[in-house]
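*Asks:* quick check, what structure comes out for this input:
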Amino acid sequence: MSFSAEKIPATIITGFLGAGKTTMVRHLLSNANGRRLAVIVNEFGSEGVDGDTLRSCGIEDCPEDNIVELANGCLCCTVADDFVPTMRTLIDRDEPPDHIVIETSGLALPKPLIKAFEWPEIRSRMTVDGVVAVIDGPAVAEGRFADDLDAVNAMREEDPSIDHDNPLQELYEDQLMAADIVVLNKTDLLEDKRLPELREEIAASAGRSLRMIATEGGAVDPAILLGLDAAAEDDLDARPSHHDGEEDHEHDDFESFDLALGEIASPDAFAERLARVVAEHDILRIKGFASVAGKPMRLAIQGVGRRVNHHFDRPWAAGERRETRLVVIGQTGLDRAAITEALAS
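*Replies:* Have a look, this model is predicted:
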């Protein structure tokens, strides 16, 4: 009998900032076909943008109380305080979920989370059905998180006074090395000739053969992602990490802050301003919601690098405060005052 028949299966969805994890989760929920899915959203930043997006999806198979959001750090840092009690609450319900989907923060290391399933109170009742790494195809194609490690090591040997460490590269590789399936997303933004090359580059970064799915808009059939029976908690040796042997890890290389603004006049003009500020301050990601003057709908904003997308997602609720709120994420040293002034001007 498979693990998924004996235990409640959980799928861990990992991937770098803005890769499309939330969009893919929404697609899974929209195509659940009556299957009871519980979703845990782990958000980086106190605004909980992704959790709010999922809550507003209005999908029948996704009641609001099936979504639990952890907003105080990455899951792999908080398993003792938050993750295990959350999982216990879900599986102790009178009608437990058929499957649990865990959307990790873009800064989370996946392997410590897999290890949490070894805890006796979890292991006897749950299993990691599979680990899915969502990759932003255009971002990787541009080389932002796909450095040549051999060249970096050679340069370090020639000049040991220069720090060429790239924690983003290590994080990207850790996510690939833990994965059972890689979803290469946003392929509609790639040239056809670039896709085969990118597949080879991703496989090289993972250091092993991986099942890889090319898609756009995070649209992947649930039958492909759920029901893998990987039992990843029993397969840790086959999922190496740059951080193996470390008891803990920190995210001191990253920081985020929340920003509240007033109403905006034009979505397009605001998106252009966001793109300029992102470029000037090397912001990794900016996301949130905006209030547009004279419009009854709330504007959702997602920016990765210089690409800033926006759409009206839902009407403002009665009594809800209309304002613009953003989460800004970047490497340590962001000039918060300058960014705030530039966006507020």
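
*Asks:* which stretches in this structure count as helices?
*Replies:* 3-6, 21-30, 49-55, 75-78, 84-91, 110-116, 120-123, 137-141, 149-158, 167-178, 194-206, 222-225, 267-281, 336-344 (DSSP state H).

*Asks:* what angle sits between the longest one and helix 336-344?
*Replies:* Think helix 267-281. 160 degrees (axes from the mean of the first three to the mean of the last three CA atoms, to 10 degrees).

*Asks:* centre of the chain to helix 267-281, how far?
*Replies:* With CA atoms, centre = their mean, to the nearest Å as the basis, helix 267-281 stands 22 Å off its chain's centre.

*Asks:* buried residues in it, which are they?
*Replies:* 267, 270-271, 273-275, 277-278, 281 (16 or more other CB atoms under 10 Å). All C-beta atoms are positioned from the backbone trio N, CA, C, and that covers glycine.

*Asks:* contact partners for the nearest residue to Glu118 once chain neighbours are set aside?
*Replies:* Nearest residue to Glu118, sequence neighbours excluded (CB to CB, 6 or more residues apart in numbering): Glu233, at 5.4 Å. The contact partners of Glu233, taken as CB atoms under 8 Å, 6 or more residues apart in numbering, are 114-115, 117-118, 123, 127-128.

*Asks:* now with 6 Å, please.
*Replies:* The neighbours of Glu233, taking CB atoms under 6 Å, 6 or more residues apart in numbering as the test, are 114, 117-118, 128.

*Asks:* filter those to the buried ones?
*Replies:* Buried, going by 16+ other CB under 10 Å: 114, 117, 128, out of the contacts of Glu233.

*Asks:* phi, psi for Ser266 please.
*Replies:* phi -140, psi 120 (degrees, to the nearest 10).

*Asks:* setting aside sequence neighbours, what's the nearest residue to it?
*Replies:* Val292 (7.7 Å).

*Asks:* and the pLDDT at the residue lying closest to Ile40 once chain neighbours are set aside?
*Replies:* Among residues not flanking Ile40 along the chain, Ile102 sits closest, at 4.7 Å (CB to CB, 6+ apart). The predicted local distance difference test score for Ile102 is 92.

*Asks:* near Ile102, how many other residues are there?
*Replies:* 26 (other CB atoms under 10 Å).

*Asks:* the one 4 residues further on too?
*Replies:* Neighbour count for Gly106, taken as other CB under 10 Å: 26.

*Asks:* do I have it right that it meets Ile13?
*Replies:* No - counting by CB atoms under 6 Å, Gly106 does not reach Ile13; the two are 10.9 Å apart.

*Asks:* could you dump the buried ones among the contacts of Glu233 to TSV with pLDDT and distance to Glu95?
*Replies:* Putting the buried ones among the contacts of Glu233 into TSV (pLDDT from 0 to 100; distance: CB to CB, whole Å) gives the following:
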residue	pLDDT	distance to Glu95
Ile114	92	26
Phe117	90	22
Val128	96	22
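
*Asks:* need those residues in a markdown table with distance to Arg239, can you?
*Replies:* Listed next are those as a markdown table, based on distance: CB to CB, whole Å:
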| residue | distance to Arg239 |
| --- | --- |
| Ile114 | 7 |
| Phe117 | 13 |
| Val128 | 10 |
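
*Asks:* go through the residues you listed and say which is closest to Glu170.
*Replies:* Of all the buried ones among the contacts of Glu233, Glu170 sits closest to Ile114, with 17.1 Å by CB to CB.

*Asks:* contacting residues for the closest residue to the closest one other than its chain neighbours?
*Replies:* Once flanking residues are discounted, Ile114 sits nearest to Ala232: 5.1 Å by CB to CB, 6+ apart. By CB under 6 Å, 6+ apart, Ala232 lies in contact with 114, 128, 131.

*Asks:* what's across from the second one in the sheet?
*Replies:* So the one you mean is Val128. Ala10 (DSSP bridges).

*Asks:* wait, it sits on Ala116?
*Replies:* No - if you go by CB under 6 Å, Val128 and Ala116 don't touch, sitting 9.4 Å apart.

*Asks:* in this structure Gly303 contacts Leu284, no?
*Replies:* No - contact criterion CB under 6 Å: Gly303 and Leu284 do not qualify, at 9.5 Å.

*Asks:* for Glu320, which of the helices of the chain is the nearest?
*Replies:* Nearest of these (CB to CB): helix 49-55, 11.5 Å.

*Asks:* for that closest one, name the packing helices and strands.
*Replies:* Packing contacts for helix 49-55, counted by 3 or more CB pairs under 6 Å, 6 or more residues apart in numbering; DSSP states H and E, involve strand 67-70.

*Asks:* name whatever forms a beta bridge with the spatially closest residue to Arg211 that is not a sequence neighbour.
*Replies:* Using CB to CB, 6+ apart and skipping the chain neighbours, the partner closest in space to Arg211 is Ile181 (4.9 Å). Taking DSSP bridges as the rule, Ile181 bridges to Val132, Arg211.

*Asks:* in this structure Ile181 contacts Val131, no?
*Replies:* No - using CB under 6 Å as the test, Ile181 is too far from Val131 to be in contact (7.8 Å).

*Asks:* what distance do you get for the residue nearest to Arg211 to Arg298?
*Replies:* 33 Å (CB to CB, to the nearest Å).
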